[in-house]
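Enquirer: here are the coordinates; sequence isn't available:
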């Protein structure tokens with residue numbers, strides 16, 4: 001019924017994350033269960049489900065390991081459920097586990113109007129943290145503010161490192177960085193002593209070689225997490241999707257989506273690569 005478009009699709013297409021050829025792109029979708037294997041107990045034919053972390057979603061049908069399928073609540077539609085999976089679970093593990101935000105913490109979220117960023121801002125606020133978001137223009141600044149960002153920095157007009165230091169006394173507790181090469185060094189400089197940089201993407205390119213000894217000046221932490229390391233079994237999957245679906249149903253977590261036809265997948269990739277989007281991109285067969 002719906003297919004999620006994510007930066008990992010671009011990495012698969014271009015080669016940074018290599019795939020055995022030929023392959024069908026896409027790591028996320030929602031729809032109806034058509035058939036199940038004989039030993040499957042988690043879902044039944046006719047169930048409404050959503051999944052992530054399984055290549056092949058740019059198609060009408062996909063074979064998915066049953067443990068990866070999350071049942072969609074009756075009050076949630078297919079598009080919302082799809083939009084919540086990969087980016088939603090990414091935002092969830094970052095704020096809940098990678099650096100568990102709590103009341104009194106301050107986080108810097110890059111690309112705060114993007115798919116993960118917008119959800120991450122909202123989850124950070126749900127956990128009581130203050131949020132500084134970076135965006136590329138005023139329209140995206142509006143999106144970030146609507147998501148709950150306490151401060152928004154337009155990085156094309158302002159130096160985000162200088163702005164963060166003006167806003168905070170001694171830096172932020174955590175930086176969530178999906179941009180990579182362009183933001184890495186300044187992201188580190190924004191951290192307070194013993195702060196954590198969670199580098200979970202590289203939309204501007206991979207980070208160059210770095211002397212880890214430089215971290216000792218302020219006792220900083222760097223981690224390069226990925227969703228597959230934080231959803232390793234069905235229990236973790238259901239914990240994350242359970243929170244997300246409940247927050248969406250209650251209105252505590254608001255989704256923003258843009259839709260393309262499946263035949264226009266290349267246009268969706270171009271829009272995402274050129275940072276012309278805000279919120280979640282969906283393909284509709």
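Expert: Noted; the coordinates are in hand. Source: prediction; values computed, not measured.

Enquirer: Report the outermost residue of this structure with respect to its centre.
Expert: No residue in the chain sits farther from the centre than residue 38, which is 34.0 Å out by CA atoms, centre = their mean.

Enquirer: Give me the distance between the helix or strand of the chain with the lowest mean pLDDT and the centre of its chain.
Expert: Within the chain, confidence by mean pLDDT, DSSP states H and E is lowest for helix 7-14 among all helices and strands, at a mean of 90. Chain-centre distance of helix 7-14: 14 Å, with CA atoms, centre = their mean, to the nearest Å.

Enquirer: So residue 153 is in contact with residue 165, correct?
Expert: No: under the criterion of CB atoms under 8 Å, residue 153 makes no contact with residue 165, lying 11.2 Å away. C-beta: built from backbone N, CA, C; applies to glycine.

Enquirer: Among those two, which residue is more densely surrounded?
Expert: residue 153 (25 against 15; other CB atoms under 10 Å).

Enquirer: next one: whichever strand or helix holds the more buried one to chain centre, how far?
Expert: Assigned by DSSP states H and E, residue 153 belongs to strand 151-154. Computed by CA atoms, centre = their mean, the chain-centroid distance of strand 151-154 equals 19 Å.

Enquirer: circling back to that earlier point, OK, contacts around the residue farthest from the centre of the chain?
Expert: Residues near residue 38 by CB atoms under 8 Å, 6 or more residues apart in numbering: none.

Enquirer: Over to residue 273?
Expert: Residue 273 sits next to residue 10 when contact means CB under 8 Å, 6+ apart.

Enquirer: And for residue 101?
Expert: For residue 101, the contacting residues are 95, 107, 124, 127, 128, 129, 173, 174, by CB under 8 Å, 6+ apart.

Enquirer: and if we set it to 7 Å?
Expert: Contacts of residue 101 were listed using CB atoms under 7 Å, 6 or more residues apart in numbering, and they are 95, 107, 124, 127, 129, 174.

Enquirer: With pLDDT and neighbour count added, can I get these in a markdown table?
Expert: Supplementary listing: those in a markdown table, determined by pLDDT from 0 to 100; neighbours: other CB atoms under 10 Å:
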| residue | pLDDT | neighbour count |
| --- | --- | --- |
| 95 | 98 | 27 |
| 107 | 98 | 28 |
| 124 | 98 | 28 |
| 127 | 97 | 15 |
| 129 | 98 | 23 |
| 174 | 98 | 26 |
